[in-house]
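*Asks:* I would like the atomic coordinates for the input below:
(one chain, ligands or ions: 1)
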Amino acid sequence: MTSPAPAYAVPQPEVIALPVTGSASLFPVRRIYCVGRNYVEHIREMKEGDERDPPFFFQKPRDAIVMSGATIPYPVGTADFQHEIELVIAIGKGGRAIRGAHALDHVYGYAIGIDLTRRDRQVDMRKRMLPWEAGKAFDRSAPCGPVHLAALVGHRLDGAITLSVNGRERQRGDLSQMIWNVPEIVAKLSEDYTIEAGDIIMTGTPAGVGPVVPGDEMTGAIDGLGKISIVIGKGEA
Ligand code: MN
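*Replies:* Model prediction:
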């Protein structure tokens, strides 16, 4: 005997999933973790923190994901809307207290992400020692490209990472400049959280962050992962 399908009191939230390059399958997103500071030059431009501090993590809601090619409205609640280009790790196998030597076994693949930030709100919350949600975890704050299988493209431990606005380069770094590399990030995150398949981790941004305005087109690129593109539309109603 089959049990009846459950009835939900309100519409079910939709599954958020990223395309997987070269596959008909989708990568369903469970949680979005972000590394706070991970490139020395960016820490210096933000004038914050010790360059040897251990990484810290914050989250964005999974429904903040926006696919490459989208136009997103300039968000409410900010006058300083900024881009941060980041390598995204896609977790394929869960675990807790994962050792660095085994961390890459948990990585399914990689993508290009943009950690969109209401910088004025983030700085204000930081000054007041309050959580960063208003600056980091707002609607459409996590553009993300397709997932590329590590088995096909290899692990992304070095290679150029760039972001251009209207064809002019703003951010450039190399993944080898990350203070905490991919296995270290997975190991460190899993000390505090049980990670699961479907989690993605945005790994921090190189120097050159800056504002965008309506009409701007951002193009992010990482060696081996192609490009993503997002256009900023007029303000959110
Ligand atoms: Mn970031």
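
*Asks:* rest of the way, CA atoms for contacts and neighbours
*Replies:* Fine.

*Asks:* Find out how far the longest strand along the chain is from the centre of the chain, if you would.
*Replies:* Among the segments of the chain that qualify as a strand by DSSP state E, the longest is strand 226-235. Counting by Cα atoms, centre = their mean, to the nearest Å, strand 226-235 is centred 15 Å from the centre of its parent chain.

*Asks:* tell me the contacts of the residue lying closest to S176 once chain neighbours are set aside?
*Replies:* In this structure, S176 finds its nearest non-sequential neighbour in D158, 4.5 Å apart by Cα to Cα, 6 or more residues apart in numbering. By Cα atoms under 8 Å, 6 or more residues apart in numbering, the contact list for D158 reads D174, L175, S176, Q177.

*Asks:* let's go with 10 Å and repeat that
*Replies:* G173, D174, L175, S176, Q177, M178, N181, I222, D223 (Cα atoms under 10 Å, 6 or more residues apart in numbering).

*Asks:* Between those, which sits nearest L104?
*Replies:* Of all the contacts of D158, L104 sits closest to N181, with 10.8 Å by Cα to Cα.

*Asks:* quick one: pLDDT of that closest one?
*Replies:* Confidence at N181, expressed as pLDDT, is 95.

*Asks:* now M1
*Replies:* So, for M1, pLDDT stands at 59.

*Asks:* just the one 3 residues further on next, same as before
*Replies:* pLDDT, the model's per-residue confidence, is 82 for P4.

*Asks:* Please report the distance of it from Q12.
*Replies:* Computed as Cα to Cα, to the nearest Å, the P4 to Q12 distance reads 16 Å.

*Asks:* May I ask which helix or strand of the chain has the lowest mean pLDDT?
*Replies:* helix 40-46 (a mean of 80; mean pLDDT, DSSP states H and E).

*Asks:* Starting from it, tell me the next helix or strand along the chain.
*Replies:* Next along the chain after helix 40-46, taking DSSP states H and E as the criterion, comes strand 57-60.

*Asks:* Name the secondary structure element that contains the residue nearest to S176.
*Replies:* Per DSSP H and E, there is no helix or strand for D158.

*Asks:* distance of it from L149?
*Replies:* 16 Å.

*Asks:* what about A90, which SS state?
*Replies:* Secondary structure of A90, reduced to three states by DSSP: H, G, I helix; E, B strand; the rest coil: strand.

*Asks:* can you pull the contacts of it?
*Replies:* With Cα under 10 Å, 6+ apart, A90 has these contacts: 27-29, 32, 106-111, 147-150, 197-202.

*Asks:* Would you check how far apart it and Q59 are?
*Replies:* For A90, the distance to Q59 - Cα to Cα - is 15 Å.

*Asks:* Paired strands for the longest strand of the chain, with orientation please.
*Replies:* Its sheet considered, strand 226-235 pairs with strand 71-74 (parallel), strand 217-222 (antiparallel) by DSSP bridges.

*Asks:* Let me have the ones you listed in TSV, extended by mean pLDDT.
*Replies:* Converted to TSV, those look like this (pLDDT from 0 to 100):
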stretch	mean pLDDT
strand 71-74	98
strand 217-222	98
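
*Asks:* Out of these, flag the one nearest I232.
*Replies:* Among those, strand 71-74 sits nearest to I232 (Cα to Cα), with 5.2 Å.

*Asks:* Kind regards, and thank you for your time.
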